[in-house]
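>>> Predicted coordinates and the sequence they were generated for:
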Amino acid sequence: MSASFERGINAFKEQMDAPVAAFFSSCVRCGLCAEACLFYTETGDPKFTPINKLEPMRRVWKQEYSFWGKLTGALGLSKPVTDAELTEWETLVYDSCTLCGRCSMVCPVGNDIAYMIRKMREGMAASGHAPEGLIGATQRAVTIGSPMGVKLPALQAQIRHAEKDLGFSIPVDVEGVDYMLLLSSMEIMNFPEFISAVARIFRHAGVSWTISSEAFEATNSGIQIGVSEIAAELVERIVAAAAKLKVKYVISPECGHAYMAIRWEGPNLIGRRYDFKVVHILELLDELRASGRLQTSGKETQRLTYHDPCQISRRGGVVQQPRNLMNQIAADFVEMPETGTMNWCCGAGGGVSSNERADEIRLKVFNRKKKQLDVIHPDAIVSACSNCRIHLEDGLEEYEMDIPVLSLTETIAEHLVDREQKEGQQP
Amino acid sequence: MTETELLMWARGPALQVATVIFLLGVLVRILEILVLGRKASLAEARGSAVAGGLRTIVTRSIPDRGTLQRSTFNIVAGYIFHTGFFVVLFLFAPHILVFQDVLGFSWPSIPTQIIDATTIVTIIALLAVLAHRVRHRVMRFLSRFEDYLVWFVTILPLITGYFAFHRIGLTPPTLIAVHIISVELLMVVFPFTKLMHAFTLFMARYYNGAIAGYRGVNS
Amino acid sequence: MSNEKTLGEVLRQQGVTRRGFLKFCAATASMMALPPSMVPRIAAALEKARRPSVIWLSFQECTGCTESLTRSHSPTIEGLIFNTISLDYHHTLQAASGTHAELAREKAMQENFGNYILVVDGSIPTANPGYSTIAGISNLDMLQDTAKGAAAIVSVGTCAAYGGIPHASPDPTGAVAVTDIIKDKPIINVPGCPPIGVVITGVLSHYLTFGAIPELDALGRPLAFYGKSIHDRCYRRPFYDKGQFAETFDDEGAKLGWCLYKLGCKGPTTYNACATTKWNEGTSFPIESGHPCLGCSEPDFWDGGGFYKAISMPTGDITRTAVYAIGAGAAAGVALGAVNRARKKRAEKAHEKVTINDLEKDG
């Protein structure tokens, strides 16, 4: 079986629904979406206008689902989409879009452009127009279990390392606990301190939890490349593990698209509701804070700001919780100009960071985040997505800015109040 | 054809045809969208989709500060010509009479001097947005023939209406006939173009707000 | 018959003082928007004017124009001026009848060939000239014949000027205006249904004074009387501008004298002197009496879509059309929507599962 143009066009046709039709019908070519997209603002190239990224799909909608389009098509007066055009659009749909959804917030007629880009990727992938890097990541995710190729032994090594520092064990494959934690490959490989931080917080707060050795990967490459059946397969692994361990909750870690995948797309991908609830780690931490189970002492005195990962904040709905937590542990917390659901994307989500071809543009558009930072001059940036974190570090280095990037979970863990813990006791 | 015959044609058969094309076209387009439907989400809701949808229909009319700063001209000029157009269309006594004839009810009108001034302001705003469309690199890049056609059929009734009101150029019956015909042109072009946004934006904003509201986000 | 006495002599004979005569000249000057300095010139001209011969032909008319003119029957200056024109032929006013009347006409034409003023009221039937004849002569023939020796022609009333009520749909007689028949003479249109009495005398006074026809608009009407629309001179205009309209003939607005636009007033598209000069020596005019202007001095005012329908309104039943269109649109929309859904379903059926091996094209 091979990717083909016909499969791609067929996928476009499948993706049409009332919202897509309403959105395409309403666009008045005002260009406001361009000013909301960092890929346009930092390059000045109008081809990065969000609605323009959808042009081939718009033509398919028009020619297949509108009476006038069908009529003009029958009379030979319309231009059908070609494979060459899809090739041309590949960089627009994958390299210069993170699905951040900022365009969807500003469109005056209400178009959810990111929603449509997600759908367009289904056609692009099926016709063989996904980027090489992303294809590789997806293949690894399915065959190995992680887009970065992280296998269970690597995770186990990190866990052992953490246990040595912590002085207590990290629960793996424990049945009947409340929470099952997922981890992104990025965290496992680059920020393993996250695992220790979570372990300490849960012990402190008395949370019963575990990691599954059969399904620990949070990142969903299927969402990023835009192939629903692959995305569904990855979700099914988590659902199976959660069922096996009979957990009540699955925790999505500090990774943006992982949250979107498991929390919002998951049940629709597999076609049924979960038997468990999904919480983002920040949601859980905020619940613990609010109920008094999370006790911290002291505050960070350095000037901190919070970068909203797009898929968690604007597209995910976890906006206030990180702020509650920031206020708990930061004495000098300053918001970015344009923050919350209107914060600017770091530039690397949605598969962009897995795509080497997009490295140059990714670093160029970091300039948008830089402009935000230049207004508030923070001493450090706090965030809750490892992909944002890595890319922010890349960008800061590129622009020679000496600002550390911190994980919110890890920072909270550093301020935990010491509680008397009996050795080996599981709360 | 005498000028009275032209006016009678414009008020009579031409208006009937334009009305049919307009209403039939608008309804077909709206239903073509709605009947496609939207799959209900199986994910656990955080907020209300309906409340979010209805909310966004209203709040999307208010731009966020950053967008307003970056696209000031676009937003301000856009609001001026839209508002002006609606004021002239719906609050001028002779127009209200037409609506009363069709709908069976009417509403108060506003003084003609205000309508007159509003028409001038609206025409100027429309000329300005055309200049902007041609000069701004994003808008120029995005614009198609349709965008310019729509601009033309929108400004034409304002200009012909102004001329008819002030009786400039031709005899009054001819001026009124030309004005009515320019409106009929707008009606006939409407369902085939982006002018449909006048109706579909309610759906688009609703869906946007519903998707976001389901997740607990105010969009 | 032409009289030897001049106009001035006739007036003095009638007992009109010099002062009274000059007052009339001043009123005429001001009515034609001429400066006071013109008054002596008007007086001198009228004083010396020999009574010109006037032949008045009445075709398909109702005699309303004559009625309007002769409302100035009480001893007014206008009436006297009228008497001092040698009205050599007029169906209603002349004493003679039958052959003698026609002989009077022919004699006046011969004696004053090239100098008489031809006044026409009523339209001319062309579908069958037999529809209207005088002494066995069709209107068409009589007009063409009489026009030959006329110095100028005055079409009095909307019928003569534009065809009027006979011309209205379905126009069974093929009624036309004087200007449709005569192409080689100066013609002044003095429309109205009927025109205001003093308007005709004002036009004649102008001709007597200057020996030329007054400045005309695009429809051949003297600008002095037809240069402004009723709307622009109507005393109820402030109500229009403020948006205060009478909705019915006896509601509060009507009683308060509000604008009659909604009741079908054609003021905005009608050009005449009614709002300023008014009728019956300035007594009133239709709008002041509470009735919307019919637009009677405009061509085709009978076919303008109805006296009680404002000029901006649709002539047909748009509501019914709208309801049918919405119904048809809904049906078509649902049908087309169903086609869309079927298309989507077919695409979903045709979907081949994408695996990691299908992400690249073979070859």
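Nice, thanks for sending it over.

>>> Write out the residues of chain C neighbouring chain A.
Proximity of chain C to chain A, by Cβ under 8 Å from any Cβ of the partner chain, involves residues C:336, C:340, C:343-344, C:347-348, C:350-363. The C-beta positions use only the backbone N, C-alpha and C, and glycine is treated the same way.

>>> May I see the PyMOL selection of the buried members of those?
Only the buried entries of these go into this PyMOL selection, using 16 or more other Cβ atoms under 10 Å in any protein chain shown:
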select buried, chain C and resi 336+340+343+344+347+351+354+356+358+359
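
>>> and the residues of chain C next to chain A, which of them are in helices?
Of the residues of chain C next to chain A, the ones assigned to helices by DSSP state H are C:336, C:340, C:343-344, C:347-348.

>>> Out of the residues you listed, flag the one nearest to residue A:233.
Checking those against residue A:233 with Cβ to Cβ, the nearest one is residue C:348 at 18.5 Å.

>>> and the residue with the largest distance to the centre of chain B, what does it touch?
Distance from the C-alpha centroid of chain B peaks at residue B:44, with 38.2 Å (Cα atoms, centre = their mean). Going by Cβ atoms under 8 Å, 6 or more residues apart in numbering or on different chains, residue B:44 touches A:267, A:273-274, A:277-278.

>>> Quick check, pLDDT for it.
For residue B:44, the pLDDT comes out at 96.

>>> Skipping its backbone neighbours, what lies nearest residue A:46 in space?
residue B:141 (3.7 Å; Cβ to Cβ, 6 or more residues apart in numbering or on different chains).

>>> I'd guessed that neighbour sits against residue A:47; true?
Yes: under the criterion of Cβ atoms under 8 Å, residue B:141 makes contact with residue A:47 at 7.2 Å.

>>> anything in contact with each of the two?
With Cβ under 8 Å, 6+ apart, residue B:141 and residue A:47 have no common neighbours.

>>> So if I had to pick from these two, which one is more boxed in?
Between residue B:141 and residue A:47, counting by other Cβ atoms under 10 Å in any protein chain shown, residue A:47 is the more crowded of the two (18 against 15).

>>> I'd guess the more buried one is in a helix, am I close?
Yes: the assignment for residue A:47 is a helix, going by DSSP: H, G, I helix; E, B strand; the rest coil.

>>> what's the neighbour count on the spatially closest residue to it that is not a sequence neighbour?
For residue A:47, ignoring the flanking residues on the chain, the nearest one in space by Cβ to Cβ, 6+ apart is residue A:92 at 6.5 Å. Look at residue A:92: counted by other Cβ under 10 Å, it has 22 neighbours.

>>> What is the longest helix of chain A by residue count?
Chain A, longest helix under DSSP H: helix A:228-245.

>>> and it with chain C, contact?
Yes: residues of helix A:228-245 contacting chain C under Cβ under 8 Å from any Cβ: A:229-230.

>>> does any bit of that helix sit next to chain B?
No: on the criterion Cβ under 8 Å from any Cβ, helix A:228-245 is out of touch with chain B, staying 11.2 Å away.

>>> okay, the most centrally placed residue in chain B: pLDDT?
Taking Cα atoms, centre = their mean as the criterion, residue B:198 is the residue nearest the geometric centre of chain B, at 5.4 Å. Per-residue confidence (pLDDT) for residue B:198: 97.

>>> For the residue of the stretch 51-200 of chain C found nearest chain A, which three-state class applies?
Per Cβ to the nearest Cβ, residue C:169 is where the stretch 51-200 of chain C lies closest to chain A, at 38.9 Å. Here residue C:169 takes the coil state, with states given by three-state DSSP.

>>> show me the residues around it that make contact.
C:302-303.

>>> Could you rerun that using 7 Å?
residue C:303 (Cβ atoms under 7 Å, 6 or more residues apart in numbering or on different chains).

>>> Output the contacting helices and strands for the longest helix along chain B.
Counting by DSSP H, the longest helix found in chain B is helix B:112-135. Helix B:112-135 sits against helix B:72-91, helix B:137-142, helix B:145-166, helix C:237-242, with contacts defined as 3 or more Cβ pairs under 7 Å, 6 or more residues apart in numbering or on different chains; DSSP states H and E.
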